[in-house]
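give the three-dimensional model of this entry:
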Amino acid sequence: MEEQVKPQILVVDDDGEIRLLLMRFLGDHGFDVREASDGTGLISAVAARRPDLIVLDVMMPGEDGFSLCRRLREQSGIPIILLTARTGDTDKVVGLEIGADDYVPKPFNPRELVARIRAVLRRTPTQSPNDTATSQFSGLYRFAGWVLDVTRRSLTSPDDVRTDLTTGEFDLLTALVQNPQRPLSRDQLLDLVHGRVSYHFDRSIDVQISRLRRKIEPDPQHPILIKTIRNEGYFFAVPVDTGGDAT
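You can find the predicted model right below:
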């Protein structure tokens, strides 16, 4: 019988007691866990073996978690969950803007963190790009010259250039193109992207929309693809064609 591969989690926190707690708890819940105490250790650990997800503390000496998250996001799409003792909405928005997939305030319930990790991993397929048989998605979505391939989780621009998206950005764009020219409230989008397991932080959708616009709109200040419906939500304004080959 083939042994099931455990998801690999990298815990980065300068507090040794928290690292030990998380390593034991996550290990008991079926994860393969490694640790790092600072940014240098994080970069070395990622270079040695790419994790499936990083749990990253924000308030660390030296380079903080926000800076490390930004650096990681420039180089890869590894899912990131931020941990922080800060509870203000501003910090949550900053974390989401720089590419974090979720945000958990300290003190936290380890069981809740496990649930959040599993939710993010469910939205991040681990199969190779060519392994389409087991994908939960199929087909292509074409709009305004763009091609969204939900099987390979890729987005190609009208100039045939691959555009990097975070997990959250990709899932949000998928929800929009699967419901073209239909008004969607923030709650509807939260349900489509996260499901009820994730906390409802309304501004997370606004942040993700803003980031998507910067990547796909000709003029993000005057969007023509993702329109805002005042006091309601958002509207994917252009027709979407499904099916066909990627080439």
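
so which elements touch the least confident helix or strand in the chain by mean pLDDT?
In the chain, no helix or strand scores lower on mean pLDDT, DSSP states H and E than helix 89-97, which sits at a mean of 73. On a contact count with 3 or more CB pairs under 8 Å, 6 or more residues apart in numbering; DSSP states H and E, helix 89-97 meets helix 65-75, strand 80-84, strand 102-105, helix 203-216. Every residue, glycine included, has its C-beta placed from N, CA and C.

so which of those is the most packed in?
Most buried of these by mean neighbour count (mean count of other CB atoms under 10 Å) is strand 80-84; its value is a mean of 24.

show residues contacting that strand.
13, 53-59, 65, 69, 72-73, 91, 95, 99-106, 108, 113, 116-117, 120 (CB atoms under 8 Å, 6 or more residues apart in numbering).

I'd like the distance between Val147 and Lys6.
According to CB to CB, to the nearest Å, Val147 and Lys6 sit 34 Å apart.

which one of the two is surrounded by more residues?
Shown here are Val147 and Lys6; by other CB atoms under 10 Å, Val147 has more neighbours (19 against 14).

flag every buried residue along the one helix or strand Val114 maps to.
Secondary structure from DSSP states H and E places Val114 in helix 110-122. By neighbour count on 16 or more other CB atoms under 10 Å, the buried set for helix 110-122 is 113-114, 116-121.

how is Trp6 classified with respect to secondary structure?
That one is not Trp; residue 6 is Lys. Here Lys6 is recorded as coil under DSSP: H, G, I helix; E, B strand; the rest coil.

dihedrals phi and psi, it?
The phi/psi pair for Lys6 (degrees, to the nearest 10) reads phi -80, psi 140.

Leu184 and Lys227 touch, don't they?
No: using CB atoms under 8 Å, Leu184 is not in contact with Lys227; the gap is 10.9 Å.

shared neighbours of the two, anything?
With CB under 8 Å, 6+ apart as the test, Leu184 and Lys227 both reach 234-235.

show me which of those two is the more surrounded one.
Under the criterion of other CB under 10 Å, the comparison of Leu184 against Lys227 puts Leu184 first, with 20 against 14.

dig out what the residue lying closest to the more buried one once chain neighbours are set aside forms beta bridges with.
Spatially, and ignoring its direct neighbours in sequence, Leu184 is nearest to Gly233 (5.1 Å; CB to CB, 6 or more residues apart in numbering). Assessed by DSSP bridges, Gly233 has beta-bridge partners Ser185, Ile229.

contacting residues for Gly233?
183-186, 188-189, 205.

tell me which of those has the lowest pLDDT.
Scanning the contacts of Gly233 for pLDDT, the low point is Gln188. It has 78.

so which elements touch the host helix or strand of that residue?
Gln188 is part of helix 186-193 when elements are defined by DSSP H and E. Helix 186-193 is packed against helix 167-177, helix 203-216, strand 233-236, with contacts defined by 3+ CB pairs under 8 Å, 6+ apart.

re the thing from before, out of the contacts of Gly233, which end up buried?
184, 186, 188-189, 205.

pop the domain breakdown of this structure in here.
8-122, 140-242 (automatic domain parsing).

how far off centre is the shortest one?
The gap between where domain 140-242 is centred and where its chain is centred comes out at 13 Å by CA atoms, centre = their mean, to the nearest Å.

next: stretch 47-55.
Counting by CA atoms, centre = their mean, stretch 47-55 comes out at 15 Å from the chain centroid.

cool, thanks, signing off.
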